[in-house]
Structures are given as C-alpha cells and as structure tokens.
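Chemist: pasting the structure only:
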C-alpha cells in the first residue's frame, strides 16, 4: 500500500516537473520568436525608413532627391540621414539645390513637460545653391515646392525646432560674364517654438536667429519673429549685413552693373513686418571709403577705352552723392506692398540719398523696428498701395520672447529693389 502511494506521488511530481518544463520551453520559444522578430524589424527598419524618405523626396514636380544611408537610434526616438541630395528634375542644372552630409530627426524630449510630442531637426553642413540662368529651365530658385511641408513629412510629429550648423548658401550665375558666386558661409541658425509648444500668448510666438559670414568677410545677423500658424504671413524681421569688402564683389558688379571698385566696404540694414497680406519696411545701404575708378589699375589691366570711360562715369556719380566728411555713400529704400504687388517710394529714396550726400550722413544702424501693428495701422490708413484696408491685425509688443535662442546661424521682400537695379543697370552703360 505504502509503495503504491509512493509510486503515485513520484509519478505526480514527475508529471508536474514535465508540465513545468514544457511550459517553460513554450515561454522561451515565444520569447525567442519575439526577440527574432524585433531583431528582424530593427534590421529592416533603416531600409524601410530609407524607402519612405526617398518616396517623400520624389513627390515634388520640380525637384527630386535621394538619401545615402539611414541609421536608427531607438533609445532617442530618432533616425539619422546620411548624404541627402535634392536636384532639379530637368537635368539642366548640375548642382544640387540642397545637400547635407548629416541630418538628425528626433523627438524633442523637453516638449514633454508641456504635454506635447513634437520633433526637432538638426542639420550639419547643409548647402543650398540658387542658380541663375538665361532660361527658366537653367534657373534654380526653389520655388513651386513647399519645403516646410517636405520637412514635416519626414517625421510623424509636428516640427517644433530646427537647428543648422556650419551651413552655406550660394547664388551662382555661370552664364554671366564674369561668372558670379556670392555666398554665405559658416551659417548657424536656430528656429524654435514653430508649433507653439510653450503655449505662448504672443502674437508672434515662434522665432529664428541666424548668423553667418559672407563673401568679402562680411557678417550677417538675422532676427525673425513669426506666427507659423497664422493663415496669412505674420512676421517681424530685422537683418544686418556689415563689413563686406567690396572688391570681393567685383565679379557681381561687373556682371550686373558693368563696373567694379578699387576699394570700399558695404553694409545693409533691413527691418520689415507683415500682416493682413501686406508688408512694410526699409532697406538701408551704406558704402564706406568707396572708390569705383582707379586709372592706374585700369591701365595696368589693359581695359578697353569704352570700359574705362564707363567706370569713370560711375565713379564720378558716386563721388557726387557721397558724403565728403565721412567718405560715405548711403541710401534708404522704403519697401511696402502686398504679396501680389510691391511699391518702392522712389521720391523718398532719392530724398534720403541727397540728404545723406549734402546735409548729414545716415548713422549705420536700424532707424526703428517695424512692427506688425504699424503695418496694420498703415493698411487701414491706405498708406500701403493695393493693400486690403478692411484687414484687421492683432497688436504686438516689442518683446523678443518669441525669438529663437542664440544660434550655434521666402518671401523675398528685397526682390523688387534688385529687379529695379538690374533694369536700371541693363540700360545704364555698355556691355
């Protein structure tokens, strides 16, 4: 009897151990399968993301692009793009519109304190090339493509911050004589609160700060307050470009102005604001120690008599309108208009130029900061041609809390000035 009970007990214990081992083996098998699946997903994820990113870069009708390699950082909630290039589709422009060796797209963890999940993008050494040419097919301007929407499509979360390190922007014209290559290098920029994560109760909650160096050793500084969520453009902009050595711009001046300079420095200050589909501002331009014509240098370079004569005429004009005590030529160009029309007040421009030449020199600094509230008042008063006087705008303070942090550094409101200058220069002298 006892032996029988003992055998039954041993059998029961054996069955229990067998059942436990079986369950344990099943659990281990399930875990192993899950681990293998996760490993497979992890190995496949870079290829899946690369395919997705390349598909997004193909959506534009005008531009197309590709990336070299994708690296995933799951613990950061991020992925890295290696070697991205975006070209114009028609193949007549050889240089990429945009290229960068490294982009990092990640979750902005600090935004979790504001109960939001948003994304940030870091770009290292991005290059942008604007190309001018005789035909539309040979130009590369970046128009007709929503680059903000493209960036947003690369991440599943709202884009809230963009940081640029050591970027370059070029304007090139290989069809000009001589060839032109103007550039901004060592560009650093920070754009913050683009999705208004911080719930700032400001009219212009987002901001951009940028700095860079230009051709001729100049320094660029930019501060922009804006409201990316507004249905129409709402922003306040201040930009300065200082200490540019003018002889470094001689290729540009010869190609488009048909003259060059022996010495001088260039500076520019811009302040503008936009609201109610209207914008208003000014551009102040300064030339210091300007010497457009130097006869000995011209003779040494064996220039034609007609070319020397044209340089002498330009030099004479600049001598007449420069301020002799300070050896400075300056002009202030007011700009205003709506997004389909632009108005440049030529009377004020000429008056400012003459006042600088014969009465006093304009001080090289901002006259005043143009704000959106000022634009709203001028729209209602009918001072901006072609603007909708029925528009209403929100008052805005001068606080800079919407500005981005200091950088680690298009609506082109100066475009009409450039076009006017090109048209004038095109008629002014010999080619």
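Modeler: Thanks, I have the structure now. Bear in mind that the values here come from a model prediction, so they are computed numbers and not experimental data.

Chemist: Against residue 222, how distant is residue 103?
Modeler: Computed as C-beta to C-beta, to the nearest Å, the residue 103 to residue 222 distance reads 22 Å. Quick note: C-beta positions are derived from backbone N, CA and C, even for glycine.

Chemist: Now the terminal residues of stretch 220-231, how far apart.
Modeler: 29 Å (C-alpha to C-alpha, to the nearest Å).

Chemist: contact partners of it?
Modeler: For stretch 220-231, the external contacting residues (C-beta atoms under 8 Å, 6 or more residues apart in numbering) are 184, 187, 189, 194-196, 203-214, 233-241, 400, 402-403, 409.

Chemist: Does residue 196 fall in a helix, a strand, or a coil region?
Modeler: Using DSSP: H, G, I helix; E, B strand; the rest coil, the three-state assignment for residue 196 comes out as coil.

Chemist: What are the neighbouring residues in contact with it?
Modeler: Listed by C-beta under 8 Å, 6+ apart, the contact set of residue 196 reads 205-206, 228-229.

Chemist: taking the residues you listed one by one, which sit in strands?
Modeler: When the contacts of residue 196 are checked against strands using DSSP state E, the ones located there are residue 206.

Chemist: Name the nearest of the contacts of residue 196 relative to residue 41.
Modeler: residue 228 (34.5 Å; C-beta to C-beta).

Chemist: Now do the helices in this structure.
Modeler: If DSSP state H is used as the criterion, the helices of the chain fall at 2-57, 147-153, 250-257, 295-300, 305-321, 346-358, 372-380, 415-428.

Chemist: Which residues belonging to the second one are considered buried?
Modeler: So the one you mean is helix 147-153. For helix 147-153, a neighbour-count test (16 or more other C-beta atoms under 10 Å) marks 150-153 as buried.

Chemist: if we can go back for a sec, which stretch in the helices of the chain is the model least sure about?
Modeler: Lowest mean pLDDT of the helices of the chain: helix 415-428, a mean of 32.

Chemist: now residue 51: how far from residue 100?
Modeler: As judged by C-beta to C-beta, residue 51 and residue 100 stand 20 Å apart.

Chemist: Settle it for me: which of the two has more neighbours?
Modeler: Neighbours per residue, other C-beta atoms under 10 Å: of residue 51 and residue 100, the larger number sits with residue 100, 21 against 10.

Chemist: count of neighbours near the residue nearest to the more buried one when sequence neighbours are not counted?
Modeler: Counting by C-beta to C-beta, 6 or more residues apart in numbering, the nearest residue to residue 100 once its immediate chain neighbours are dropped is residue 126, at 4.1 Å. If you count neighbours by other C-beta under 10 Å, residue 126 ends up with 20.

Chemist: who touches residue 126 in this structure?
Modeler: The contact partners of residue 126, by C-beta under 8 Å, 6+ apart, come to 98-100, 164, 167-168.

Chemist: Widest-spaced pair of those residues?
Modeler: Between all members of the contacts of residue 126, the longest pairwise span (C-beta to C-beta) is found for 99 and 164 and amounts to 13.4 Å.

Chemist: between these two, who's got more neighbours?
Modeler: Each of residue 99 and residue 164 had its neighbours counted (other C-beta under 10 Å), and the higher figure belongs to residue 164 (23 against 18).

Chemist: Would you check that the more buried one makes contact with residue 184?
Modeler: No. Residue 164 is beyond contact range of residue 184, at 11.3 Å (criterion: C-beta atoms under 8 Å).

Chemist: Overlap in contacts, these two.
Modeler: With the criterion set as C-beta under 8 Å, 6+ apart, the contacts of residue 164 and residue 184 do not overlap.

Chemist: so where's the stretch 151-300 of the chain uncertain?
Modeler: Applying pLDDT under 70 to the stretch 151-300 of the chain flags residues 293-300.

Chemist: Run a quick neighbour tally on residue 228.
Modeler: Here the number of neighbours of residue 228 (other C-beta under 10 Å) works out to 18.

Chemist: and the gap between it and residue 123?
Modeler: The span separating residue 228 from residue 123 equals 18 Å under the rule C-beta to C-beta.

Chemist: if we can go back for a sec, for the contacts of residue 196, give me JSON lines that also has distance to residue 63.
Modeler: Written out in JSON lines, the entries for the contacts of residue 196 read as follows (distance: C-beta to C-beta, whole Å):
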{"residue": "205", "distance to residue 63": "30"}
{"residue": "206", "distance to residue 63": "25"}
{"residue": "228", "distance to residue 63": "22"}
{"residue": "229", "distance to residue 63": "26"}
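
Chemist: Contact partners for residue 128?
Modeler: When the contact criterion is C-beta under 8 Å, 6+ apart, the partners of residue 128 are 97-98, 142, 167-170.

Chemist: Which one of those is nearest to residue 67?
Modeler: When these are compared for distance to residue 67 (C-beta to C-beta), residue 98 comes out closest, at 11.6 Å.

Chemist: give me every residue that touches the nearest residue to the closest one once chain neighbours are set aside.
Modeler: Beyond its immediate neighbours in the sequence, the residue positioned closest to residue 98 (C-beta to C-beta, 6+ apart) is residue 86, lying 4.3 Å away. Listed by C-beta under 8 Å, 6+ apart, the contact partners of residue 86 are 57, 63-65, 96-99.

Chemist: try it again with 10 Å
Modeler: Neighbouring residues of residue 86 by C-beta atoms under 10 Å, 6 or more residues apart in numbering: 57, 60, 63-67, 96-100, 128, 142, 145, 147, 150.
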